[in-house]
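Q: with the sequence up front, the predicted model follows.
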2 protein chains.
Amino acid sequence: MTTRIQKRNRRRILDAALEVFSAQGFRGATLDQIAVEAGLSKPNLLYYFDSKESIHAALLGALLATWIDPLKAIDPAGDPRAEIMSYMRHKLQMAGEFPRESRLFANEILQGAPRMSGFISTDLKALVEDRVRVIQGWVAAGRLAPIDPYHLIFSIWALTQHYADFDAQIRLLRDGADPLDGAEAFLEMLFERLLTPVPVTQADG
Amino acid sequence: MTTRIQKRNRRRILDAALEVFSAQGFRGATLDQIAVEAGLSKPNLLYYFDSKESIHAALLGALLATWIDPLKAIDPAGDPRAEIMSYMRHKLQMAGEFPRESRLFANEILQGAPRMSGFISTDLKALVEDRVRVIQGWVAAGRLAPIDPYHLIFSIWALTQHYADFDAQIRLLRDGADPLDGAEAFLEMLFERLLTPVPVTQADG
DNA sequence: AATGAACTTGACTGAATGGTCAGGCCTGCT
DNA sequence: AGCAGGCCTGACCATTCAGTCAAGTTCATT
């Protein structure tokens, strides 16, 4: 069983580790940094977790569920455009609320997903393929303008996570302003137009 | 002056270092890895470069110019939509041709741009601000539908670099298919629609 | 062929870092 | 209060890694 102290310290460690891993990557992070950030001694860290690796694994494990939930929430019976817009909004909100998690994930993928390829090529792949089929179904039923479902999903990921992952760059370019300023309105417009079939004009014909 | 051998070995080292740094990040990369990849001994690496840091600096330095060139190439006198589409296409092509450079850059920004904040907050910032003004000028002149110039630029960066930076994930999700398959057509459509003003329909009024 | 400069390397050093361990300190329970 | 188990730590170890160096080899030039 887990005691009160265990709960508190595990939480502290994971929070500190998220801070450090997301900012430095796995190899760049050190147990000493995490220990300082957590306000614990290094041996005490290793009392609660077997190794640096296992702290990282715990973080990734916790991340996976939260990461794919919004994609699951897409309702095949709902209005196609509304469902996709809602998914995009949800992802953008997560980029704002959990930027460290986003960067942890980005670090992992950038390095070739060494500790996540299993999850990606099984669970995530199955889910994405399912959602791809949902979107294809919408298109086939004439409820959505023809679109490549994979690239639609990738574009939502790219555009929303960019605000968390490239936060440092955006801040430097915009005098420290919150990177998400104006992002929602912009993405709203972007996806609204992307999902709206363009009327054929005489000029094109 | 630089000899034939110097030229060859410096090139080998930088190429090997790009391979390793882009895949492992600065701290994750080791001089031994780079030495093996370059087919040289570690002390020999340090005969050509002062330190690990200076190899990295050389790579970033070389990257900067190539990185901002396309943005410079946007012509204020050209057709707004054509110029922006051309910029997007150029960036996408770079993601395909220089994915390692893109990941090197992504690694750097993810870690908070510790070695690039100077460049970003001066040169790049000035250039981006200039291009923002160009786009605002186009909008003011009625040559382009109203749009937030910053987010337009960010969206081009996000969408194109995603294919290089998240290459591993996309490959795992699409059975190893080239991530760029279909990307150009998709982005073409996306930005075409984004930059095309939507006609007002009766349903909205 | 001779010579000096450019190039190369095995063997090394010191610092950083993940992890161990013996022993001490709390905390909750009786 | 006493005590058993959970909690914590200083000191330590082994490994990794950036960087050094003295000594050798190759190259261009004459």
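A: All right, it came through fine. Quick caveat: nothing in here was measured; it's all calculated off a predicted structure.

Q: A:Gly137 and chain B, how far apart?
A: In this view, A:Gly137 and chain B are 19 Å apart by CB to the nearest CB, to the nearest Å. For glycine as for every other residue, the C-beta is placed from the backbone atoms N, C-alpha and C.

Q: secondary structure class for the residue nearest to that residue when sequence neighbours are not counted?
A: Excluding the flanking residues, the one nearest A:Gly137 by CB to CB, 6 or more residues apart in numbering or on different chains is A:Pro76, at 6.9 Å. Secondary structure state of A:Pro76, per DSSP: H, G, I helix; E, B strand; the rest coil, is coil.

Q: from memory A:Pro76 sits against A:Val134, does it?
A: Yes. The pair A:Pro76 and A:Val134 passes the contact test of CB atoms under 8 Å, sitting 4.7 Å apart.

Q: nearest the middle, which residue of chain A would you pick?
A: A:Ser102 (4.7 Å; CA atoms, centre = their mean).

Q: one step back: between A:Pro76 and A:Val134, which is the more surrounded one?
A: Set side by side, A:Pro76 and A:Val134 show more neighbours around A:Val134, with 18 against 13, by other CB atoms under 10 Å in any protein chain shown.

Q: which ones are touching that one?
A: A:Ile74, A:Pro76 (CB atoms under 8 Å, 6 or more residues apart in numbering or on different chains).

Q: how far away is it from chain B?
A: The value you get for A:Val134 to chain B, if CB to the nearest CB is used, is 16 Å.

Q: repeat for A:Asp123
A: Distance from A:Asp123 to chain B, by CB to the nearest CB: 11 Å.

Q: next, the contact list for that residue, please.
A: A:Leu64, A:Ile68.

Q: the longest helix along chain A vs DNA strand D: in contact?
A: Longest helix of chain A, by residue count under DSSP state H: helix A:4-28. Yes. Counting by CB under 7 Å from any atom of the strand, DNA strand D has neighbours in helix A:4-28: A:Ile5, A:Gln6, A:Asn9.

Q: could you give me the ChimeraX selection string for whichever of those residues are buried?
A: Applying 16 or more other CB atoms under 10 Å in any protein chain shown to the residues of helix A:4-28 next to DNA strand D, the buried members can be selected in ChimeraX as follows:
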select /A:9
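
Q: out of the residues of helix A:4-28 next to DNA strand D, flag the one nearest to B:Lys91.
A: B:Lys91 has its nearest neighbour among the residues of helix A:4-28 next to DNA strand D in A:Asn9, at 46.0 Å by CB to CB.

Q: how near is the spatially closest residue to the closest one that is not a sequence neighbour to DNA strand D?
A: Distances taken as CB to CB, 6+ apart place A:Tyr48 nearest to A:Asn9, at 5.8 Å, with adjacent residues excluded. A:Tyr48 sits at a distance of 7 Å from DNA strand D (criterion: CB to the nearest atom of the strand, to the nearest Å).

Q: give the contact list for A:Tyr48.
A: Per CB under 8 Å, 6+ apart, neighbours of A:Tyr48: A:Gln6, A:Asn9, A:Arg10, A:Ile13.

Q: touching, A:Leu127 and A:Lys72? I think so.
A: Yes. Applying CB under 8 Å as the test, A:Leu127 and A:Lys72 come out as touching, 6.7 Å apart.

Q: which of those two has more residues huddled nearby?
A: Counted by other CB under 10 Å, A:Leu127 and A:Lys72 do not tie: A:Leu127 has more neighbours, with 15 against 11.

Q: rewinding a little: closest to A:Arg171 out of the residues of helix A:4-28 next to DNA strand D?
A: Closest to A:Arg171, out of all of the residues of helix A:4-28 next to DNA strand D and judged by CB to CB, is A:Asn9, at 32.6 Å.

Q: what mean pLDDT would you report for stretch A:163-174?
A: Average pLDDT, stretch A:163-174: 98.

Q: low-confidence ranges, chain A, go.
A: Where chain A drops to pLDDT under 70, the residues are A:198-205.

Q: for it, which segments count as helices?
A: A:4-28, A:31-38, A:42-48, A:52-72, A:80-97, A:99-110, A:117-119, A:125-140, A:149-165, A:167-173, A:183-194.

Q: B:Gly28 is nearest to which of these?
A: Nearest to B:Gly28, of the helices of chain A and by CB to CB, is helix A:4-28 at 3.7 Å.

Q: picking that back up, any chance of the contacts of A:Tyr48 in TSV, plus distance to A:Leu190?
A: Shown next, in TSV, are the contacts of A:Tyr48 (distance: CB to CB, whole Å):
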residue	distance to A:Leu190
A:Gln6	46
A:Asn9	44
A:Arg10	41
A:Ile13	39
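
Q: which positions in chain A make contact with DNA strand C?
A: Going by CB under 7 Å from any atom of the strand, the residues of chain A near DNA strand C are A:Arg4, A:Ala29, A:Thr30, A:Leu31, A:Asp32, A:Lys42, A:Pro43, A:Leu46, A:Asp50, A:Ser51, A:Lys52, A:Glu53.

Q: go with 10 Å
A: Proximity of chain A to DNA strand C (CB under 10 Å from any atom of the strand) is limited to residues A:3-5, A:20, A:24, A:26-35, A:41-47, A:49-56.
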